[in-house]
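[1] Sequence first, predicted model second:
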Amino acid sequence: MKLTRRTLIKAGASAVAFPTIISRSWAQDAKQLHVGVYNSALGKLIQKEVIPKFEAEYKCRVFTIEGATLSNIAALRATRDTPRFSMMMMDDVGIPQAKQEGLIDKLDAGKIPNLEKVYKRYLFEDGYGVGFSISSAAMFINPQVTKPLESYEQIFDAKYRKQILLNTPKNTQSVLMLIVATALTTGKPLKEAQYLVDSGWDKLAALKPNVLTIYDSEAQVLQVAQGQATIGGIEYSKAIYPHTAKGMPIDMTFPKEGAFTGINSMTLVKNAPEPELACALINRILEPSVAKMLSEQTLSAPSVGGIDFKPETAKFLAYPDTKATDLGLFTPDWNFIVPRRGPWLERYNQVFTS
């Protein structure tokens, strides 16, 4: 059977099927590397610009599945007994869970020399995951009609009644809004407020009169640019800045309390069939020249230091690491949050649907 560009391959005895994209054809005896990438512009870019050159250099065939964090982790669970994947992309939020379940292995620094260039804040779980594309997460506005927010407290002002877009509880950003509400209630910084969210529910409920709609599609952020809403969030910059760069009236705003990170990451799969090739691909994506290309195309910051960007790109990036610090960006403690997320989101739904 000849494999086409899009082929369904059954996952061994589990009979789970994954839509697999084959980058190009090689000799039948070429090594095969199965990896999971994001079902996003970033994933498409890696498939188009990174993988073909990697295949040519390593004389291998790379098969990719596209997914988000939860679906990529599910693919690892489904193939645990018959390992197929060697490298899997997932957000930083998924790495603690994947490590706990024994789905991923520690990255081999000896085989991934570019790990030395990565800012330490983007190495996760004692080296079980590495970030490579970083977004900031905060509110967004139409700068032609709304001034940058000085404090998150402003979104609770009655003048914004039915004017705010709120991100769906299905997305990670909803947890971030709960942390913000807690910080405003307790007076604690975001980093401390994440451990005190039981104190933030009344404040979060106070936002309900100002919510125009709860959105679940990145395309809906344009309602702010079109004047249908005034403020939106919490949202990742990667969903906003590509529109800003095209001249649309929409921009991120970073209140004094700070903001969050959204980190696309890579992991080495436990019992990977091709660990050497997997490490080589991770190293290639962390190569400064590749990292720069990905950042210029997606307007998300790289995790490796020492890269120079033109001003028209640099203004969108939380880069270098000192700029991320100046913006007050911090990465939530997902080890604490993930086990509690289910009950939190159930209550979050009740707040805005009752």
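    It's in. Numbers count the residues shown, from 1 in each chain.

[2] count of residues packed around Ala206?
    Number of residues near Ala206 (other CB atoms under 10 Å) recorded here: 14. From N, CA and C alone the C-beta is placed, and that goes for glycine too.

[3] ok, Val221 - contacts?
    For Val221, the contact set (CB atoms under 8 Å, 6 or more residues apart in numbering) comprises Phe140, Leu165, Tyr215, Gly232, Glu235, Ala239, Ile240, His243, Ile250.

[4] so it sits in a helix?
    Yes - assignment of Val221 by DSSP: H, G, I helix; E, B strand; the rest coil places it within a helix.

[5] quick one: it and Met248, what's the gap?
    Using CB to CB, to the nearest Å, Val221 is found at 10 Å from Met248.

[6] where does Val180 sit relative to Gly328, distance-wise?
    From Val180 over to Gly328 (counting by CB to CB), the distance is 12 Å.

[7] And for Gln220?
    26 Å.

[8] again, but for Asn72
    30 Å.

[9] Please identify which of the two sits among more neighbours.
    The neighbour count for Asn72 versus Gly328, taken as other CB under 10 Å, is higher for Asn72 (25 against 18).

[10] Next, the contact list for the closest residue to Gln144 other than its chain neighbours, please.
    Residue nearest to Gln144 in three dimensions, not counting chain neighbours: Pro249, with 4.6 Å by CB to CB, 6 or more residues apart in numbering. Remark: with contacts taken as CB under 8 Å, 6+ apart, Pro249 is in contact with Asn142, Pro143, Gln144, Val145, Ala225.

[11] Quick check: phi and psi at Pro249.
    When read as degrees, to the nearest 10, the backbone of Pro249 gives phi -80, psi 70.

[12] Look at it and report its pLDDT.
    Model confidence at Pro249, expressed as pLDDT, equals 98.

[13] Check Leu329 too.
    The per-residue pLDDT reported for Leu329 equals 95.

[14] Give me the distance between it and Val93.
    If you go by CB to CB, the gap between Leu329 and Val93 works out to 15 Å.

[15] circling back to that earlier point, of the contacts of Pro249, which belong to helices?
    Those of these mapping onto helices are Ala225, per DSSP state H.

[16] picking up where we left off before, more neighbours, Leu329 and Val93?
    Leu329 (24 against 21).

[17] bridging residues for that one?
    The residues paired with Leu329 through beta bridges, assigned by DSSP bridges, are Ala259.

[18] quick one, what contacts it?
    Listed by CB under 8 Å, 6+ apart, the contact partners of Leu329 are Ser136, Gly258, Ala259, Phe260, Thr261, Ala318.
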